[in-house]
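# What would the 3D arrangement of this be:
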Amino acid sequence: DVDQSVKSKPETVQLQYLRGSLTLQGALPVKTDHARFWLFTATLPFVLKHAVQRTLLEGEQVPWPPVAVAAYLAIGPVVMAVMLGMTSGDKRSPRWPFHKERLAGSFGWHVVMCSFMVLLPTYQTFEVLLSDRCAGSLAWTMSHCWA
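Numbering: from 1, shown residues only. Sure thing, here's the model as predicted:
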């Protein structure tokens, strides 16, 4: 409970909530599903580094199709989150906290816009970067890769 003298000073209130110990146990995920998602997302930078290094710096192709790597990097986290949500046994709606919104309403509109403005451009960027057109090229302007 915050006393009246602390309420008059907002920076004191903020400092009060920042107190506490920082421990490794407090930083670790509580549920195993969260740990699985963290582990999955931790692989993304390594896959990206390996793919970009092989394609752009060494001029070789990655051992996987560029389409698969692009899908793993762009859409993989969404698919993994949905799969973990379905298999976790959680009773909440998969759309929580937007479960009260209609699918054909604002929620559906946001899903469509997210797909076109975030997922699709991310996928296409990785797919073009890892394609044969950009192999061995360090032209980050991508002008010759898009032709």
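# Just the element for the closest residue to residue 40 other than its chain neighbours, please.
For residue 40, ignoring the flanking residues on the chain, the nearest one in space by C-beta to C-beta, 6 or more residues apart in numbering is residue 80 at 5.0 Å. All C-beta atoms are positioned from the backbone trio N, CA, C, and that covers glycine. Element membership of residue 80 [criterion: DSSP states H and E] is helix 76-87.
# buried stuff in that helix?
For helix 76-87, a neighbour-count test (16 or more other C-beta atoms under 10 Å) marks 76, 80, 84, 85 as buried.
# would you turn those residues into a markdown table with distance to residue 117?
Listed next are the buried residues of helix 76-87 as a markdown table, based on distance: C-beta to C-beta, whole Å:
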| residue | distance to residue 117 |
| --- | --- |
| 76 | 18 |
| 80 | 21 |
| 84 | 24 |
| 85 | 23 |
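# picking that back up, didn't the residue nearest to residue 40 look like it was pressed against residue 37?
Yes. At 6.2 Å, residue 80 counts as touching residue 37 under the criterion of C-beta atoms under 8 Å.
# How far off centre is stretch 71-84?
Between the centre of stretch 71-84 and the centre of its host chain there is 8 Å, according to C-alpha atoms, centre = their mean, to the nearest Å.
# before we move on, what about stretch 107-118?
Between the centre of stretch 107-118 and the centre of its chain there are 15 Å (C-alpha atoms, centre = their mean).
# Just the residues contacting it, thanks.
With contact meaning C-beta atoms under 8 Å, 6 or more residues apart in numbering, stretch 107-118 is reached by 95, 98, 101, 102.
# State the helix or strand in which the closest residue to the first one other than its chain neighbours lies.
Right, the one you point to is residue 95. The shortest distance from residue 95 to any non-neighbouring residue, by C-beta to C-beta, 6+ apart, is to residue 107 (6.5 Å). In this structure, residue 107 sits in helix 106-114 according to DSSP H and E.
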